[in-house]
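Undergrad: Please find the sequence and the predicted model below.
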Amino acid sequence: MKTLQVQNISLAFGDRDLLKNVSFTLSEKGRAALAGANGSGKSTLLKIITNLAQCDSGEITKTKGMRISYLPQSDIVHSGTTLYEEVEKAFDRFVTIKEDISELEKRLAQFSQESSEVEQLLYNLHLKQESLVHSDYYRRDAVIERIVKGLGFRKEDLYKKCETFSGGWQMRIALSKVLAEDPDVMLLDEPTNYLDIESRIWLRNYIHQFDGAIMMVSHDQDFLDETINEVYELFQSQLIRYKGNYSQYVKTREEELEQLVSSHARQLREIEKTEKFIERFRYKASKAKQVQSREKQLDKVDIIEIPGHLKMLNFTFPPPPHCGNDVLSVSQLYKSYGSLHLFKDFSLHVNKRDRLAITGHNGAGKTTLLRILSGVDNDFTGNINLGSDVKVGYFAQDTEKTLNPEFTVYQEVLGIASTIDIPKLRSLLGSFLFRDDDIDKKISVLSGGEKSRLALLKILLHPVNLLILDEPTNHLDINAKHMLIRALKEYTGTLICVSHDTHFIKEIATSILYLSDDAPELFVGDYEYFSYKLEQKEALSALEDEAVVNNKKVSVIKDSQVDRKEYNKSKNRLQSLLQEEKNLLVQIHNSEAQMKGILHDMSKQENYSDSKKITSLINKKEELEKIHSSIEEMWFSVVEEIEQLHEVVTL
């Protein structure tokens, strides 16, 4: 069994321990989340494991030959290659193997008699050929297309230059490479940050089928619940292990916090009681020994502290101004960028206290719609009408550009907060992860995520009755996200938000607007209803796509069930494909057996001195490799078609 062992890793910056004697073991099929407060060292630990950062002490051991792939959180830019060429780099190690095989074959052809060197060359050749035969190298085209499609790229994107893709798509390219590498261990730092809901579902399913081990950092609670079975928390520089999924970890942590708070309160009461005794009898000679004894007790007390990131964060919206029931209406909206039509005759009505979540494909117009609704983008045709006395608060993904770089964090918020909020500004800033000396930092030295959180807080402090938020949870840790969810549930105004965070949508939304390549669809109901309808729609879409390939037409009746005649055709097609898959697997097995037979013949001593025989065997092997690759391509195509039909046909 392949294992990765991290032993006693320590790292300090000055007098602060970031990591202290951190140890864990990750085995085959291990599924672990790495949790902890922002700045606790999660990303640093992953970099240490991949030799991208150094530690002060400790050791990392791994099974010989173990391959580890790492996805950083951000700041990756690919250029100079097409999408296909960049992802194909994941197979570079096989190119080297093929070159090695070619060189070994040339060297073998030079020998005319057996020797210990020939035996070693044949053994090395056998190992390298085996690694190719059992890899995805010969069907890498299909593998690459499957992965990039799953992560949201279109087939025509494969041959576009990487530099034409935006930052979020750049991270998808990086993730595609990690998946295509098919390593023994994947270390993923926020893999879902730039994925839409469909891509997250695909990645979840991919992880379920992945045979290697995974450790990931993520603030996507639902995704973690569906993919991991243990949590390692970096807490005060040390690593603590929790069994179970992420929600179980959160529950256990809350129970621990309750115990900690209770112990903390009990200790404070004891300290107060002791201090009162000392103060009362300090100058009485008859009580001198008791006073001295209690003073020594106080000196020895190890104060229980509650770390800031574990404290329950609280935030309350300012009361929204009164407004009518009709908050926002959109009618006959048309919006295009050149030949790209985002909205065509689109209409929408939003009532008071609605909670509308907007989700869907990247590039489908979600941010554009928010810009139009908030009045930032006026380049459209149609009507946008705000109700009487409606006041809008709009948080965009680039809102941090409005911050004054010369102000401190405290000064920036002080100008917005009402007089009631001023005494508790430090607490509010702490809720958005600005603690202690952070509030005295200048805006100019903050990270992009810190600026985004500060801009969000400024928006939320405005007394408005219509909040329009674009990905509000992107730079929040899970505690801060829960705090925002609690506040929004108590908010009595109206909310429109764009989000790909399924947990956030589940908790907040009362209706969901789904944007894709087709016309916008409004689902009135919660996330579970939306998810059910979306799966139903995609199942039908898969069948329609298959029907087009076979020059068929599929009719869909009002209750969204496939016509029985078409269903039977699909069922018959599926049965035929299942038989074809069995036949192809037999052919694959036979071709592999033939290649092994040739490798065995090449290793026979009587063939060492016969250069013609060796050359003939090498040629046969290469011909069989081509046939094997072709059969595998056919098998892969059949399996994909079977998977699509299984969505709508039950045998």
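TA: Alright, I've got the coordinates.
Undergrad: Look up the pLDDT of the spatially most central residue of the chain for me, please.
TA: Centroid-nearest residue in the chain: T192, 2.1 Å away (criterion: Cα atoms, centre = their mean). T192 is assigned 92 on the pLDDT scale.
Undergrad: and it, that one's in a helix?
TA: No: per DSSP: H, G, I helix; E, B strand; the rest coil, T192 lies outside any helix segment and is coil.
Undergrad: And the closest residue to it other than its chain neighbours, how far from Y194?
TA: Among residues not flanking T192 along the chain, D220 sits closest, at 4.7 Å (Cβ to Cβ, 6 or more residues apart in numbering). For glycine as for every other residue, the C-beta is placed from the backbone atoms N, C-alpha and C. Going from D220 to Y194 by Cβ to Cβ, to the nearest Å gives 12 Å.
Undergrad: quick one, what contacts the residue nearest to the centre of the chain?
TA: Applying Cβ atoms under 8 Å, 6 or more residues apart in numbering to T192 gives the contacts R200, L203, S218, D220, F223, H500.
Undergrad: If any of these are buried, put those into a ChimeraX selection.
TA: With 16 or more other Cβ atoms under 10 Å as the criterion, this ChimeraX line picks the buried residues out of the contacts of T192:
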select :200,203,218,220,223,500
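Undergrad: Would you confirm that P72 contacts L188?
TA: No: assessed by Cβ atoms under 8 Å, P72 is found out of contact with L188, at 9.4 Å.
Undergrad: Comparing these two, which residue is more hemmed in?
TA: Shown here are P72 and L188; by other Cβ atoms under 10 Å, L188 has more neighbours (24 against 17).
Undergrad: Report the buried residues of the host helix or strand of R107.
TA: Element membership for R107, per DSSP states H and E: helix 92-109. Buried residues in helix 92-109, counted by 16+ other Cβ under 10 Å: F94, I97, I101, L104, E105, L108.
Undergrad: Does anything pack onto it? Which helices or strands?
TA: Contacts defined by 3 or more Cβ pairs under 8 Å, 6 or more residues apart in numbering; DSSP states H and E place helix 92-109 against helix 116-133, helix 611-646.
Undergrad: between it and helix 611-646, how big is the angle?
TA: Interaxial angle of helix 92-109 relative to helix 611-646 (axes from the mean of the first three to the mean of the last three Cα atoms, to 10 degrees): 160 degrees.
Undergrad: Report the inter-axis angle for helix 92-109 versus helix 116-133.
TA: If you take the same axes, to 10 degrees, helix 92-109 sits at 150 degrees to helix 116-133.
Undergrad: Contacts made by helix 92-109 with the rest, please.
TA: Contacts for helix 92-109 (Cβ under 8 Å, 6+ apart): 118, 121-122, 124-125, 128-129, 131-132, 135, 137, 602, 611, 614-615, 618.
Undergrad: in this protein, what secondary structure element scores lowest on mean pLDDT?
TA: In the chain, no helix or strand scores lower on mean pLDDT, DSSP states H and E than helix 527-549, which sits at a mean of 68.
Undergrad: Please identify the buried residues of the helix or strand just after that helix?
TA: Following helix 527-549 in sequence order, the next helix or strand is helix 564-602 (DSSP H and E). Buried residues in helix 564-602, counted by 16+ other Cβ under 10 Å: 566-567, 569-570, 573-574, 577, 581, 584, 587-588, 591-592, 595, 598-599, 601-602.
Undergrad: now swap in stretch 440-448 and tell me
TA: Across stretch 440-448, burial judged by 16+ other Cβ under 10 Å covers I443, L446.
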